[in-house]
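>>> Sequence and predicted structure are below.
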Amino acid sequence: MRAAPATSGRAWDRLSLRHKRVIWAWGFLALPIVFYGMIRFWPTLEALALSFTNWNLLKPASFVGFENYIRLWNDPLFWQVFRNTFAYLIIGTPISLIISFVIAYYLDRVRFMHGFIRALYFLPFLTTAVAMAWVWRWFYQPVPIGVFNGLLTWLGLPQQPFLRSTTQALPAILAPAVWAGLGFQVIIFIAGLRAIPTSYYEAARIDGVSEFTILRRITIPLLKPTIVFLVVFSSIGFLRIFDQVYNMNFNDPGGPLNSTKPLVLMIYQTAFKSFDMGYAAAQTVVLFMILLVVSLIQLRILKDR
Amino acid sequence: MSMNAATLDHRSSFRSVRPGQVIAWTLLFLGGIVMITPILFMLSTSLKDASQVYDLRLVPESPTLDNYITVLSDGRFLRWFLNSLFVAVAVTLSNVFFDSLVGYTLAKFRFRGRYFIFIAILSTLMIPTEMLVIPWYLMASSFGWIDTYWGIMFPGMMTAFGTFLMKQFFETVPDEFLEAARVDGLNEFSIWWRVAMPLVTPALSALAIFTFLGNWTAFFWPLIVTNSRELYTLPVGLSSFAVEQAIQWEMIMTGASLATIPTLFVFLLLQRYIVRGVMLAGLKG
């Protein structure tokens, strides 16, 4: 990159400084433009195009119009998966944000061993989801293996089926995802809390306003950019959940009876187990639409208030 | 540095310790212990032999490293560990180089099409990886990249997030610094590399930490693009290992510990930078 302009010799010397800088700029951008074109934009268009074809890798793709989308609409599994995907979002996002806000709100005021306590909350964020999925899977086993059922039995309560139950499995899989994300959200909340000018608090204290009113009238409104970021960011994460689901019920991923299967797992199975590429591509386009619409709705609602 | 300033914040003035604060501290502390309990149980079980697994006490009665010796003896974990390390380091270096080069160009050069390029790159943030994996897979198949390191790495060599983050930071670098270097006769590449880059090291470390962690823990794409055990990354290898071990929980926990301990260790060394990096990336990103 450095050599290219130098070799053009005298012609290069005659260029004005401004023109030279423009050439440098395009030189810097050349490889990245190729990258984004080939690895981001072209595949996006290809996924869209594939979603209108019937293709199983064996015979050439044939154009089938909206057939994949119609098939998806009429697929009861898709609607089950759709509900599951939103269940992860609707349970996961509020719970994780409320817990992390409460932790951050109090942790921000703690000075004694602040770094140590913060580290305790942050450590799970650095773990590998696959590793922790297996740890949690072990926790959910029946006695005498599982920790949770061991605890329940010790307390004299009945054992729970957890991952073996169609109603309990989804929250059970969500728990490690929420747990692992808390530390990140706490750190971001603390950063947001510290960005609020202390003069607001001083003014409120002088006026003798209660702590709760300060929280409601000053802290939360001024924290809105942070809240918007975390709501959108964590929602996208929950809508794309995969690692935990795949590993925690490995013998029947998405089970029992598809009760925990999210859209990304359906995509994975359609594309790389059944090799029904056109149908899988249509599912990825639907995932894209879901992410886009959910983010836009959240931004609209949160920005207005 | 910013952390020190923040902890001196007068909001947390503890001249008189009130009971409420003691209760809040105690609850936060207990909550923190609960948070790391899964990690502690994992480590504890990895130190137990098969006969002790059903004993759910956190401190093993007779701790042993036998599980680690067994798991590490056939070399698979070491291989997966090195695969993950190589992939994560290579992708991180690529991102630190290219994301900052592009971010710098978009922040500090004036040329027609600049805004268009910026919006085009930023728009790729909206496209979920899952939508791209099928075309990537087809691309990797036709170029023979399945089951290669490059196959695992190529989708992440540059990211819009990193580019955006670096652009934000390069915008805070005063033009006078760059102008002075220009007067000294440095070429544009050297100005970026030798003058601008050292001024944004906090952002670079934030980018490096995020990219490394993201690739170290990545599961979805490596699962798709690797077929042979030799090319598995640590998460994919661990998943296949755990399936194979079935109910030998002490072995599974040993594998999980091997995947977790290195990042925890790095965290203990670099806690301050990592937390600051997360804050920077979260606020600017």
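Structure's in. What do you need?

>>> can we go C-alpha only for contacts and neighbour counts from here?
Noted.

>>> The helix or strand harbouring residue A:48 vs chain B: in contact?
Using DSSP states H and E, residue A:48 sits within helix A:42-50. Yes: using CA under 8 Å from any CA of the partner chain, helix A:42-50 reaches chain B at A:43-44, A:46-47.

>>> Mind checking the pLDDT average for that helix?
Average pLDDT, helix A:42-50: 95.

>>> and if you look at stretch B:29-44?
93.

>>> ok, that stretch near chain A or not?
Yes: taking CA under 8 Å from any CA as the criterion, stretch B:29-44 and chain A are in contact, through B:29, B:32-33, B:35-36, B:38-39, B:42.

>>> Does residue 135 lie in a helix or a strand, and which?
Looking at chain A here, since you left the chain open. Secondary structure (DSSP H and E) places residue A:135 in helix A:129-139.

>>> wrong chain, I was asking about chain B
Judged by DSSP H and E, residue B:135 forms part of helix B:129-143.

>>> Which residues does stretch B:237-248 contact?
With contacts defined as CA atoms under 8 Å, 6 or more residues apart in numbering or on different chains, stretch B:237-248 is touched by A:130-131, A:134, A:247, A:250, B:50, B:77, B:80, B:229, B:251-252, B:255-256, B:259.

>>> if we go to 7 Å?
A:130, A:247, B:80, B:252, B:255-256 (CA atoms under 7 Å, 6 or more residues apart in numbering or on different chains).

>>> What residues sit buried inside it?
By neighbour count on 16 or more other CA atoms under 10 Å in any protein chain shown, the buried set for stretch B:237-248 is B:237-239, B:241-243.

>>> Likewise for stretch B:261-279?
Neighbour count says stretch B:261-279 has B:263-264, B:267, B:271-279 buried, by 16+ other CA under 10 Å.

>>> helix or strand right after whichever strand or helix holds residue A:149?
Per DSSP H and E: residue A:149 is located in helix A:147-154. Proceeding N to C from helix A:147-154, the next assigned helix or strand is helix A:169-194, under DSSP H and E.

>>> and that next one, what other elements does it pack with?
Secondary-structure packing of helix A:169-194 (3 or more CA pairs under 7 Å, 6 or more residues apart in numbering or on different chains; DSSP states H and E): helix A:76-107, helix A:114-122, helix A:224-239, helix B:249-284.

>>> Return the member of those having the minimum mean pLDDT.
helix B:249-284 (a mean of 83).

>>> Secondary structure class of residue B:64, three-state.
What DSSP: H, G, I helix; E, B strand; the rest coil gives for residue B:64 is coil.

>>> my read: it touches residue B:48, true?
Yes: counting by CA atoms under 7 Å, residue B:64 touches residue B:48, with 6.1 Å between them.

>>> who has more neighbours, those two?
Taking other CA atoms under 10 Å in any protein chain shown, residue B:64 and residue B:48 do not tie; residue B:48 has more neighbours (26 against 13).

>>> Distance of the nearest residue to that one once chain neighbours are set aside relative to chain A?
Leaving aside its sequence neighbours, residue B:48 sits nearest to residue B:63 (CA to CA, 6 or more residues apart in numbering or on different chains; 5.6 Å). According to CA to the nearest CA, to the nearest Å, residue B:63 stands 18 Å off from chain A.

>>> what pLDDT does residue B:63 get?
85.

>>> sorry, back to before: which one, of the helices and strands packed on helix A:169-194, ends up nearest to residue B:70?
Among these, helix B:249-284 comes nearest to residue B:70, with 8.5 Å by CA to CA.

>>> ok and the closest one relative to helix A:224-239, angle-wise?
Angle of helix B:249-284 versus helix A:224-239, following axes from the mean of the first three to the mean of the last three CA atoms, to 10 degrees, is 140 degrees.

>>> At the contact with chain A, which residues of the stretch 1-150 of chain B appear?
For the stretch 1-150 of chain B, the contact set with chain A under CA under 7 Å from any CA of the partner chain comprises B:7, B:11-12, B:24-25, B:29, B:32-33, B:35-36, B:38, B:42, B:54, B:56, B:101-102, B:105, B:109, B:111, B:124, B:127-128, B:130-132, B:135-136.

>>> out of these, which are inside helices?
With DSSP state H as the criterion, helices contain B:7, B:24-25, B:29, B:32-33, B:35-36, B:38, B:42, B:101-102, B:105, B:130-132, B:135-136 from among these.

>>> okay, which residue is most central for the chain?
If you meant another chain, say so; for now it's chain A. The centroid of chain A falls nearest to residue A:237 when counting by CA atoms, centre = their mean (1.1 Å).

>>> that's the wrong chain, I wanted chain B
residue B:213 (1.2 Å).

>>> Could I have the CA atoms of stretch A:288-305 written out in CSV?
Output of stretch A:288-305 as CSV, limited to C-alpha atoms (Å, rounded to 0.1, in the frame of the first residue of the first chain):
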residue,chain,number,x,y,z
PHE,A,288,-33.6,-10.6,9.8
MET,A,289,-37.0,-9.0,9.5
ILE,A,290,-37.8,-9.9,13.1
LEU,A,291,-34.6,-8.4,14.4
LEU,A,292,-35.2,-5.3,12.3
VAL,A,293,-38.8,-4.8,13.3
VAL,A,294,-38.2,-5.5,17.0
SER,A,295,-35.3,-3.0,17.1
LEU,A,296,-37.3,-0.3,15.3
ILE,A,297,-40.3,-0.7,17.5
GLN,A,298,-38.1,-0.6,20.6
LEU,A,299,-36.3,2.5,19.4
ARG,A,300,-39.6,4.2,18.5
ILE,A,301,-41.2,3.5,21.9
LEU,A,302,-38.1,4.3,24.0
LYS,A,303,-37.0,7.4,22.1
ASP,A,304,-40.5,9.0,22.4
ARG,A,305,-40.8,8.8,26.1
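
>>> is it anywhere near chain B?
Yes: using CA under 7 Å from any CA, a contact is recorded between stretch A:288-305 and chain B, made by residue A:288.

>>> how far out from the middle of the chain is that stretch?
14 Å (CA atoms, centre = their mean, to the nearest Å).
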